[in-house]
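Asks: Got a sequence here, can you build the structure:
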Amino acid sequence: MKKKQQLLPILIFNVNTSFIIIFAALLILPFLSVAQNENDFLEQLSFKEKVNFNSYTKIYETDVNYTVIQIDSLIKKGALQLSQQLVSQGFSQKFYWLYFKIPSTEHPKKQLLIELNNPFIDQVKLYEKTDTSFTKIGFGGDRNKAFDDRNYKNRRFIFPLNNSPKARAYYLMIDKRNASVSFPIYLWHKNTFENYEIKQNLYYGIFFGVLCFISFMAIIAGIITRRSLFIYYGAYTFFIILYLCTALGFSYQYLYPQSHHFNNYSRVILIVLITVSSTLFLNKFLNIATKIPIIVKAFKIINILLTFSIFFWICFTDLYQSATVLLLNIMYILVFCVFILAFIAAFKTYKTKKTNAIIFFIAFSFPIVGSVAYIGIEYGMIEESFFPLNPIFLGIGLEVVILSVSIIKQLIKIYHQKVQFENENSLLSSRNETLKELSYNLERKLNTKSNPTILLKSKAVLKIEDIQYIASDGPYLEFFMTTKTMPEIDRQTLKWALNNLPSDSFIQIHRSYIVNLKQVKVLKASELLLFDNTTLKVSRSFKKNIEHFRN
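Replies: The predicted structure is shown next:
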């Protein structure tokens, strides 16, 4: 208990430190990204980290997967119309071709990079156009291709460009059918990008390291305090970490680079795990089960449906792929229902769990707003460049910060309660020792020459002269009295009885018997006869006690 008590303040300090680091990181991260447009984007690269390149592209969409030569021919003939100039096209079944030019430059030694900042593209190809031919200079994708198949090893899709004194034209083909299509594009100098990438990866490493530490500490706190609330929070935070790593492309790069099939659906699986763990956490955090059991039942039904969708994907992969958009919409509806039910539960438990309800309203508002914004991006209603970061990333990060504060307070409260219980237990133990001493003194006072008695654990006081014999029955002693028809039973040993009875009148005659010699009527070699005609056997090992008595 003392070791656990010492661990709690250490946990509280560590989680406090983690909270400060996360909060500072969330304030710094939006300023790591710079994306502004000017007329001459090559001029910008001399003083900007990167340039938002979408406004310099022309977007074409087709129903058929044409070759780059066919696309170029169709565009020249005017057979393809320009698509809306949107970074996010929503759910689509189209192939997208982006056309752009890189003008001539006086600094050909400075290598350029094009960044497609979307880790989830089924297939992407970059072609360079010259006067006479087309050359594929970049490729990638996360469907039917391992991570190592990419020509530039990065969690996003990065393509080197031939920076030369001559103007160059490029076609970028994007295939993201049966899902939401988004292609934010940025132009970099290569050295600037690589330096920025090192800093950003370092930041993400610290950020996810702190989140993992919080998750681990929450689980440890749950084990120490035996509170499932902290274990559920640790699991919820852990699944959030995996989701954010996956959404940023780190999971495919480091965790399962060969499992392109799993990578396509890992976000869906993690959304299910986050939703299930959040319902378990909220049930304990708001004490929903005792106040509103019907909402707990609704949570269970939704969790079963979400879990069934995972098994459906595993068993019917081809069917799942053909109905991905429909299934994603159903999943979004179920997740939205969980949010609605959680808010209803918070309103219902506001009077009894006021502080936790307020924390819930604040914390869960951020991921809800982030999720709504992200859905708006997926459906093409909101420009992705409007947000400096993925809105779900921002929302979940702020949620974890706020909930971590609440968990810290819960740990502090439990720590103080344990200290209080320890102090009360120490006081009770002291009082118990005092009572034992008083009881012993009382026994000695009662056991005087004028009134010889013995005090049992059961608080029964027996006159020594009334004891006929004592029989051992396992851990118990049976005191047979001349004044009672039934024996007095107490949890003691024969050794204790011998030490507390007069040795001149009580002797042991058997491993199970002690007899009061004053109650013996007839003494024989192998047995004794008491005045009430009770016969007791004398064992060989204790015959010497009888001989001593005869002498």
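Asks: Quick check: which ranges of the stretch 1-150 of the chain have low pLDDT?
Replies: Across the stretch 1-150 of the chain, the stretches falling below the confidence threshold (pLDDT under 70) are 1-40, 42-49, 104-109.
Asks: all helices of it, in order?
Replies: 2-28, 41-44, 68-77 (DSSP state H, counting those that start in this stretch).
Asks: Report all helices and strands that the helix or strand where residue 435 lies contacts.
Replies: With secondary structure defined by DSSP states H and E, residue 435 is part of helix 391-446. Packed against helix 391-446 by the contact rule (3 or more CB pairs under 8 Å, 6 or more residues apart in numbering; DSSP states H and E) you find helix 2-28, helix 190-225, helix 228-248, helix 354-378, strand 453-455. The way it works is simple: take the backbone N, C-alpha and C, and place the C-beta from them, glycine included.
Asks: Turn these into CSV, including mean neighbour count.
Replies: Compiled in CSV, the helices and strands packed on helix 391-446 are given as follows (neighbours: other CB atoms under 10 Å):
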stretch, mean neighbour count
helix 2-28, 15
helix 190-225, 17
helix 228-248, 22
helix 354-378, 18
strand 453-455, 18
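Asks: Please name whichever of those is nearest to residue 71.
Replies: Evaluated with CB to CB, these place helix 354-378 nearest to residue 71, the distance being 25.7 Å.
Asks: what's that closest one packed up against?
Replies: Under the contact criterion of 3+ CB pairs under 8 Å, 6+ apart, helix 354-378 touches strand 88-92, strand 179-182, helix 260-285, helix 324-348, helix 391-446.
Asks: Make CSV out of the ones you listed and add distance to residue 516.
Replies: Putting these into CSV (distance: least, CB to CB, whole Å) gives the following:
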stretch, distance to residue 516
strand 88-92, 97
strand 179-182, 94
helix 260-285, 63
helix 324-348, 71
helix 391-446, 18
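Asks: In the chain, which residue is most central in space?
Replies: Relative to the mean C-alpha position of the chain, the nearest C-alpha, by CA atoms, centre = their mean, is the one of residue 235, at 1.6 Å.
Asks: Which residues are in contact with that residue?
Replies: Contacts for residue 235 (CB atoms under 8 Å, 6 or more residues apart in numbering) come out as 215, 219, 277, 280, 281.
Asks: Quick check: the two most widely separated of these?
Replies: Pairwise distances across the contacts of residue 235 peak at 14.6 Å for 215 and 280 (criterion: CB to CB).
Asks: For residue 185, give me phi and psi.
Replies: The phi and psi torsions at residue 185 (degrees, to the nearest 10) take the values phi -120, psi 140.
Asks: sorry, back to before: make CSV out of the helices and strands packed on helix 354-378 and add mean neighbour count and distance to residue 155.
Replies: Output for the helices and strands packed on helix 354-378, formatted as CSV (neighbours: other CB atoms under 10 Å; distance: least, CB to CB, whole Å):
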stretch, mean neighbour count, distance to residue 155
strand 88-92, 18, 19
strand 179-182, 21, 15
helix 260-285, 20, 11
helix 324-348, 16, 22
helix 391-446, 15, 14
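Asks: Tell me who's in contact with the closest residue to residue 362 other than its chain neighbours.
Replies: Take residue 362 and drop its neighbours on the chain: the residue closest to it by CB to CB, 6 or more residues apart in numbering is residue 402, 5.7 Å away. Residue 402 makes contacts with 359, 362, 363, 366, as judged by CB under 8 Å, 6+ apart.
Asks: which one of those residues sits closest to residue 204?
Replies: Residue 204 lies nearest to residue 366 out of the contacts of residue 402, by CB to CB, at 19.5 Å.
Asks: and the closest one, how far is that from residue 299?
Replies: Taken as CB to CB, to the nearest Å, the spacing of residue 366 relative to residue 299 amounts to 21 Å.
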